[in-house]
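Undergrad: sharing a model prediction with you, sequence too.
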Amino acid sequence: MVVDDEELYRRALERILARVGYTVHTARDAGEAMAVVSGQNLDLVLTDVKMPGINGLELVRQVHDVDPDLPCIVITGYGSAESSVDALQAGAFWYLEKPFDQNHLDVVRALVEQAIEYRRLKTENRMLQNQLLSRYRFESIIGHSSALRRVLETVEKVADSDSTVLVTGESGTGKELIARAIHYNSRRADRMLVTVNCGAIPEELLESELFGHVRGAFTNAVSHREGRFTVANGGSIFLDEIGDMSPNLQVKLLRVLQDQTFEPVGSSKTEKVDVRVIAATNQNLEQAIRERRFRQDLFYRLNVIPIEVPPLRERREDVALLIQHFLDKLNQEKGKSVDGFSKAAIDRLYRHDWPGNVRELENLVERLVVMSGEGEIDVEQLEAHFLSSAPPPASGAPRLPETGLSFNEVVDRFEADLIEQALERTGWNKNRAAQLLELNRTTLIEKIKKKGIDVDK
């Protein structure tokens, strides 16, 4: 877009740019210009400085309020070092001086090409940054339930601070994904996120793993080794299953949290690091404190920002989204073409208690994709591979299979079956169904919602 109150120069620039293939919009003042900026997808603005009302420098500022990446070239008939500095300070890409003659046409074209290329590169860079950010912010954190949204809102609020975070929740809920979301949305995102599973490393090796050791510190310590805290310097460290850490190591970790210092195993030299600590556990640490398995002072140091990840049974509305996510991913990875799940199969999965949470669901979808290969998965196929469940009891108590069963799930299914029978027998009249079951109406409605029973029949 060319903005100039002098028609001669406005038309001249329009002809120059149109001749080399650009679509050119024109405006006589800032008001007309901003209307074009709001309604068109522009690559470049060329504006005169001296215009009635708002001048060109103020127009540049207004344009950048709407589109910060849109380059602006300022045109002036009063060229001076001071005016060029003013233009650049206002945010202009560059400036041009009037008048334009044949000798200046190549300069104008070259400057316009540079400005548009700058626009393209800046837009491309912003898109790549957004793709990287979204990849780590919500990588496999799928769902729209209010419970999950609250967690992600907390992540966004605390990510850019350096506060220690304690992520709690049952196994399989995605605590490590939350930790990654925190790190990759923080100012430390360009540095390392180091992960340590404190429950998977023997106690005698965990201290060396975390803090490193010097040569000769113990048998087989044949060389110096840096610990995970040193590797994570400047970034973040994720201590998974922190509740399994021994009391002796808890003391050393407490010191790191207090003053960011430690000594490698076998060394008297103190090392200082700048590391953000994100810890996670599926244990009740307050109960562990009462049982003297976990230090209270360490708990307070870790629990600065508590984030509890809800189990899947408390975010059942996310089940269908998660199934589709895993289905798309696994079809591609395994070279299969499973179309989806039948409504009956989805309803069956919706009612499951998911003691293994999202991990259990992903494993089940993988098993079904591999075994089915193609087409739609119906409830019969589902039940054949749903090894963690038992069939609904026809009457009386179910038989206990040799592999065991989920007590809570069987009870949940038994209740759901009785409620559905009562609703069907009363024509889906909740008052009469509640009377049949000798329940309060409000209690029945709460159970219907909790169990995800479809009452729109």
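TA: Looks like it arrived, so ask away.
Undergrad: average pLDDT across stretch 431-446?
TA: Averaged over stretch 431-446, pLDDT sits at 83.
Undergrad: what residues does that stretch touch?
TA: L418, I419, A422, L423, R425, T426, K430, K447 (CB atoms under 8 Å, 6 or more residues apart in numbering). (Each C-beta comes from the backbone N, C-alpha and C, glycine too.)
Undergrad: rerun at 10 Å
TA: Outside stretch 431-446, the residues that touch it by CB atoms under 10 Å, 6 or more residues apart in numbering are 415, 418-427, 429-430, 447-448, 455.
Undergrad: same deal with stretch 376-387?
TA: Under CB under 10 Å, 6+ apart, the answer for stretch 376-387 is 323, 327, 338-349, 352, 364-365, 367-372, 375, 389, 391, 401, 403.
Undergrad: the helix or strand of the chain with the lowest mean pLDDT: what's the following helix or strand?
TA: Every helix and strand in the chain was compared by mean pLDDT, DSSP states H and E; the lowest is helix 105-137, with a mean of 73. On the C-terminal side of helix 105-137, the closest following helix or strand by DSSP states H and E is helix 146-158.
Undergrad: tell me which residues of that next one are tucked away?
TA: Neighbour-count burial for helix 146-158 flags A147, L148, V151, L152, T154, V155, V158 (criterion: 16 or more other CB atoms under 10 Å).
Undergrad: what does the pLDDT read for the residue lying closest to the second one once chain neighbours are set aside?
TA: Okay, so that is L148. Of all residues not flanking L148 in the chain, R315 sits nearest, at 5.5 Å (CB to CB, 6 or more residues apart in numbering). Note on R315: pLDDT of 92.
Undergrad: same deal with A397?
TA: 57.
Undergrad: still on that earlier bit, give me the neighbour count for the residue nearest to L148.
TA: Neighbours of R315 under the rule other CB atoms under 10 Å: 24.
Undergrad: also V85?
TA: 11.
Undergrad: quick one, what contacts it?
TA: Y95.
Undergrad: which residues are in contact with S161?
TA: If you count contacts by CB under 10 Å, 6+ apart, S161 has them with I182, S186, R187, R276, V304, I305.
Undergrad: try 8 Å this time
TA: By CB under 8 Å, 6+ apart, the contact set of S161 is S186, I305.
Undergrad: could you do L253 as well?
TA: Here L253 is in contact with L210, L239, M245, L298 (CB under 8 Å, 6+ apart).
Undergrad: count of neighbours near the first one?
TA: A count of neighbours around L210, defined by other CB under 10 Å, yields 26.
Undergrad: ok, the last one next?
TA: By other CB under 10 Å, the residues close to L298 number 22.
Undergrad: give me the element it is part of.
TA: helix 296-302.
Undergrad: so what secondary structure elements neighbour that helix?
TA: helix 247-259, helix 285-290 (3 or more CB pairs under 8 Å, 6 or more residues apart in numbering; DSSP states H and E).
Undergrad: report the buried residues of the last one.
TA: Of the residues in helix 285-290, those scored as buried under the neighbour-count criterion (16+ other CB under 10 Å) are L285, A288, I289.
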